[in-house]
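*Asks:* Here is a sequence together with a model predicted from it:
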Amino acid sequence: MKPTSPFFFWCVLGLLASPAGFTQPYSKSGQTEATPKGPMPFMAAMKRHNMLLKVVKKNEAGLLVPVAEGTPVGVRVYRGGGSPKDYTATTTADGSATVVGVPSNPMIQRMLKYEAFVDHGGVRYPFQLDGIPSDGAEIQLTVTQVVAGDLSQVSAAHEIEISADEDSVIARHIIRLTNEGQSTVNLGALPGGGLVLPCPTGAKHPEMHEQAKNRAEVRGTSIVFRGALLPGAQGAQSVSMAYTIPYKAEKFEWVQTLPVRTTSTTVAAPQFKQSRQRAAVPMSLTTRQGQGTTDIITERNGRQWAVLRAGSINLAANEPLRFAIGGLPVPSKLPYQILVAAVVLVILIVVFGFRRQPEEQGLVLSLSHLETERDRLVKVLARMRKAHEKGRMPTPRFEREQEAITARLVSLYRAIDRLKVS
């Protein structure tokens, strides 16, 4: 049955927190029974179960032994889009604990998900539970030894997407951390409170997705991951971030060093126009030191990407990841050259005053020279305006160059007027 109103939804959520006295007997098998009849069918259908959790760990000899007495355990119930609710207990000397009152309801069972957890060695171990709870159910959970900050068994993989604006590379970057050992690594126990993951050289203003902030934080131009890594691929954790890298040349050298091994890297650069761009900026990717290969791939919709793949580079800890980004839109140097020329002209006007002394003929700017330069700059300004109107010149760059050329033209007109008067 599907909820059809907000009132229905809140009624359902309230039932999960109802006291055990409102429930009725339920089959120990945990199987769904027929929907009860009566004025309050949802309350009548609610069942609560006592679940026995037995928690073991591997000792140094590789044998399974009970965890210490008093270890916190529990069952977390996810209720559709609502907040999860925890039902907790602590273990006895034999590593067992009875979790009381775990709910089920055949009318909304499809909305309920269950997860057991164990808090051991400063780390929470989650275990996904399948099926429907039943009274007397016994579940064995196995945790591993916890080591504090052993980076020898931790590896990293990069997934990077880059684009460009007027003067910066924009990077969306995911670092996937994997524990390749047999014990759990508590990275929060490292000096500084976590694993420091520096951004590439020159990066500015890193930001993280909101959902990752409970296990990582931004410090300067680095991300500090303070969570734990369970063994195997299922325990992998991803750190997602975004940042900008200012550049000054057409080609930028990417250099990034991590304190753990790097096992793979994928970099993608769009060759098509982005939503915030006036025109496409088709950047190129070039490998460095044999770290991967590059290619151009085409999607079904015809859009193309430049891609760098390094599936098994196996860089040691503190060995830098390197590649080059080409085709960046470098701002024109013309405005700066014009400004320098304008400053020189002002100095000449102030010092010499355009006085035509016989001995200074070689230093005086002739009227024809000034008029020639004026006409040339007027034509340059007209061409720039046409390019801007057609989208071939970004607005910030057009405004900067227009301002510089206009300043130079003002100086030229003043100089020409003074020469004509004299």
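*Replies:* All right, it came through fine.
*Asks:* Ends of stretch 252-264, what's the gap?
*Replies:* One end of stretch 252-264 to the other measures 21 Å (Cα to Cα, to the nearest Å).
*Asks:* Excluding sequence neighbours, find me the nearest residue to N50.
*Replies:* V100 (5.2 Å; Cβ to Cβ, 6 or more residues apart in numbering). Just so you know, the C-beta spots here come from the backbone N, C-alpha and C atoms, and that holds for glycine as well.
*Asks:* Okay, buried residues for the helix or strand encompassing that neighbour please.
*Replies:* Per DSSP states H and E: V100 is located in strand 96-104. Along strand 96-104, these residues count as buried under the neighbour rule (16 or more other Cβ atoms under 10 Å): S96, A97, V99, V102, P103, S104.
*Asks:* got the residue ranges for the helices in the stretch 301-422 of the chain?
*Replies:* 334-352, 367-389, 395-421 (DSSP state H, counting those that start in this stretch).
*Asks:* Format those as CSV; extra columns: mean neighbour count, distance to N301 and mean pLDDT.
*Replies:* Below are the helices of the stretch 301-422 of the chain laid out as CSV (neighbours: other Cβ atoms under 10 Å; distance: least, Cβ to Cβ, whole Å; pLDDT from 0 to 100):
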stretch, mean neighbour count, distance to N301, mean pLDDT
helix 334-352, 14, 38, 63
helix 367-389, 13, 29, 84
helix 395-421, 15, 28, 81
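*Asks:* which one of these lies closest to L53?
*Replies:* helix 395-421 (61.2 Å; Cβ to Cβ).
*Asks:* now the angle from that closest one to helix 367-389?
*Replies:* Going by axes from the mean of the first three to the mean of the last three Cα atoms, to 10 degrees, helix 395-421 is angled at 160 degrees with respect to helix 367-389.
*Asks:* Show me what helix 395-421 packs onto, helices and strands only.
*Replies:* Counting contacts by 3 or more Cβ pairs under 8 Å, 6 or more residues apart in numbering; DSSP states H and E, helix 395-421 packs against helix 334-352, helix 367-389.
*Asks:* so how far is stretch 298-316 from its chain's centroid?
*Replies:* Here stretch 298-316 is found 18 Å from its chain centre; the criterion is Cα atoms, centre = their mean, to the nearest Å.
*Asks:* Could I get the average pLDDT for that stretch?
*Replies:* Per-residue pLDDT over stretch 298-316 has a mean of 93.
*Asks:* quick one: terminal-to-terminal distance for it?
*Replies:* 33 Å.
*Asks:* which residues touch A324?
*Replies:* K251, F252, E253, W254, L285, T286, T287, R288 (Cβ atoms under 8 Å, 6 or more residues apart in numbering).
*Asks:* what about 6 Å?
*Replies:* A324 makes contacts with K251, E253, T286, as judged by Cβ atoms under 6 Å, 6 or more residues apart in numbering.
*Asks:* Now the buried members of these.
*Replies:* For these, buried by 16+ other Cβ under 10 Å: none.
*Asks:* Go through those and flag which are in strands.
*Replies:* For the contacts of A324, the ones inside strands are E253, T286, with DSSP state E as the criterion.
*Asks:* Low-confidence stretches in the stretch 101-250 of the chain?
*Replies:* By pLDDT under 70, the low-scoring segments of the stretch 101-250 of the chain are 210-213.
*Asks:* Which parts of it are strands?
*Replies:* 112-120, 123-129, 138-143, 146-148, 154-164, 168-179, 184-186, 195-198, 204-208, 216-219, 222-225, 228-229, 232-246 (DSSP state E, counting those that start in this stretch).
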